[in-house]
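Student: Got a predicted model here, sequence first, then my questions.
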Amino acid sequence: MSFDRTRNAYNNKWSFLGRQVWSRNSMNRQQSFVIVFILGILLITGLLVMAVPSSVENLLQPEATQQQQTVEAAVNQFFTQTAEARGPVDITQTAEAQLTATANIQATIEAEFNQQLTATAEFEALVEEQFNQSLTATALAESSVFGGVDVAQIVAFEIRDIRDEEDVAFIEFARDADNAWQIVDGSNLRNLPVDEALLEEFVQSFATLEITNRPRNQNLEDNGLDEPNFVLTMTNTDGTVFSLSIGDTRRDGRRYRALAQIVPGDETGVVYEVRSNRVNEIIDLIDHPPYLIPEELAPTVAEIQIAEQVFEGGRMIWIEPTGQIWVMLVDEEGGGRWLVFEDTFVEGEPEIDPSIQPPEGLLQPMRGFGKLWRENPELREALGWAVTPEFGFVSDYRYDPGGEFDENGELVFLPGEHTLFTLNGELLQFNEADSTWQLGED
């Protein structure tokens, strides 16, 4: 009995296990069937998707082809009609025309580009010029005595030499109704037209006179300005007077101490140092006004051979071009009488008189100088003995003939002026009007 129960139990156990296995296998078979079914549906769907576009394309293709053929036919007909209307086409001429048109377009573009470049360059140049002018004006205002006065506004200009209160030399200029410069008055005038351009240059030179230094010591007496030598003034359209008084010369001789004043405005003024050469050129207008010189009165300028000998009371100068001997007698410091003689010495004549013995350290003049000296007792007395030998050299020479126009407009010649230099470089001026000489300022 126990055995049977055991066997039955065993059989029941395996029977239960068999039922579980079958149940599981049944579930697996069901899942596999579902998966296969789904895959089949997907495969059929893919085949349908691939087949439908091809079918649609096959259905639509005849209609698209027909439309394309219609368009191509219309285009061909258009070109055919155009060609028939134009006639035969020369391909070479067409290509040349296209090249020409292209070249013309390129040339036009290049021309316009160059014009733009030119316009740009001109504009840049104009801007640069205006900028430089602005810089120049600013620099002038900062460095010039009167801050860069506008010359166009100056209506009067005057120069006065007041070293001799009893004999003041001067010259005055003013603009007339037509704005042209005229000489109003002066101490050394001639009836000649004014060189306006030259005078304008002198006014410009004065208006822009540069400052070289501003001394710490502004005392007028210490700078020779309590009693100045020259006074230069200019007046503008509103009546403002710009005045520059010239005092002492610096040790180097290249600069003047000058007092600059503006009335109304800076009546007290400021002491500056200015270049003497520019001031001297302006002052020289007193003796040499800026005339338009006729050709007949043009100066003679040359280098000439001269000989010079200094005496106790003057000197002798031999002028090679004219064969003359000029005698300078010292009557005052830096000036005196001027006498002119012909040189009559002939080669072979005695050069000296052995019977005349000069004092120790002095000399008897020789040759032409000696002959003139010995044959003119009064001249010999005035000159005295020679103190240097005779020296020959080349000097710069200038002659300014005198002359002016009379009331009929005819040119009348007047005495002129000679200038030359000594061996030591001193400038000598000889005035034909009064037969005098004086030391000039180079």
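Tutor: Right, received. Where do you want to start?

Student: contacts and neighbour counts: CA atoms only from here.
Tutor: OK.

Student: which residues of the stretch 301-442 of the chain fall in helices?
Tutor: Applying DSSP state H, counting those that start in this stretch to the stretch 301-442 of the chain gives helices spanning 367-375, 377-383.

Student: Buried ones in the first one, by neighbour count?
Tutor: Neighbour-count burial for helix 367-375 flags 367-374 (criterion: 16 or more other C-alpha atoms under 10 Å).

Student: How are the strands of the stretch 251-400 of the chain distributed by residue range?
Tutor: With strands called from DSSP state E, counting those that start in this stretch, the stretch 251-400 of the chain shows them at 255-263, 270-275, 300-311, 314-319, 324-332, 335-342, 391-405.

Student: any chance you could map the strands in the stretch 101-250 of the chain?
Tutor: Along the stretch 101-250 of the chain, counting by DSSP E, counting those that start in this stretch, strands occupy 154-161, 169-175, 181-186, 230-236, 241-249.

Student: Let me have those in JSON lines, adding mean neighbour count, distance to residue 429 and mean pLDDT as columns.
Tutor: Formatted as JSON lines, the strands of the stretch 101-250 of the chain follow (neighbours: other C-alpha atoms under 10 Å; distance: least, C-alpha to C-alpha, whole Å; pLDDT from 0 to 100):
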{"stretch": "strand 154-161", "mean neighbour count": "22", "distance to residue 429": "18", "mean pLDDT": "96"}
{"stretch": "strand 169-175", "mean neighbour count": "19", "distance to residue 429": "17", "mean pLDDT": "95"}
{"stretch": "strand 181-186", "mean neighbour count": "18", "distance to residue 429": "20", "mean pLDDT": "92"}
{"stretch": "strand 230-236", "mean neighbour count": "20", "distance to residue 429": "21", "mean pLDDT": "96"}
{"stretch": "strand 241-249", "mean neighbour count": "22", "distance to residue 429": "22", "mean pLDDT": "93"}
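
Student: any chance of these in TSV, plus distance to residue 430?
Tutor: TSV is the format used below for these (distance: least, C-alpha to C-alpha, whole Å):
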stretch	distance to residue 430
strand 154-161	20
strand 169-175	18
strand 181-186	21
strand 230-236	23
strand 241-249	26
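
Student: Out of the ones you listed, which is closest to residue 329?
Tutor: strand 169-175 (24.5 Å; C-alpha to C-alpha).

Student: domain parsing for this structure?
Tutor: When the chain is parsed with automatic domain parsing, its domains come out as 90-143, 151-283, 296-439.

Student: about what we covered before: now mean pLDDT and distance to residue 308 too, for the helices of the stretch 301-442 of the chain, in CSV please.
Tutor: Shown next, in CSV, are the helices of the stretch 301-442 of the chain (pLDDT from 0 to 100; distance: least, C-alpha to C-alpha, whole Å):
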stretch, mean pLDDT, distance to residue 308
helix 367-375, 96, 9
helix 377-383, 96, 14
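
Student: Out of these, which gets nearest to residue 158?
Tutor: Here helix 377-383 is closest among those (C-alpha to C-alpha), at 41.0 Å.

Student: Touching that closest one from outside, list them.
Tutor: With contacts defined as C-alpha atoms under 8 Å, 6 or more residues apart in numbering, helix 377-383 is touched by 311-315, 329, 373-374.

Student: List just the nearest of the buried residues of helix 367-375 to residue 194.
Tutor: Residue 194 has its nearest neighbour among those in residue 369, at 43.2 Å by C-alpha to C-alpha.

Student: among the contacts of helix 377-383, which ones are buried?
Tutor: 311, 313-315, 329, 373-374.

Student: Specify which member of the residues you listed is nearest to residue 193.
Tutor: Set against residue 193, the nearest of the buried ones among the contacts of helix 377-383 by C-alpha to C-alpha is residue 329 (36.3 Å).

Student: got a list of what the residue nearest to residue 283 when sequence neighbours are not counted touches?
Tutor: Nearest non-adjacent residue to residue 283, counting by C-alpha to C-alpha, 6 or more residues apart in numbering: residue 159, 6.5 Å away. Each residue near residue 159 by C-alpha under 8 Å, 6+ apart is listed here: 170-172, 230-233, 282-283, 285-286.

Student: mind putting the residues you listed in CSV, distance to residue 107 included?
Tutor: Below are those laid out as CSV (distance: C-alpha to C-alpha, whole Å):
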residue, distance to residue 107
170, 68
171, 65
172, 64
230, 69
231, 67
232, 63
233, 62
282, 59
283, 63
285, 61
286, 65
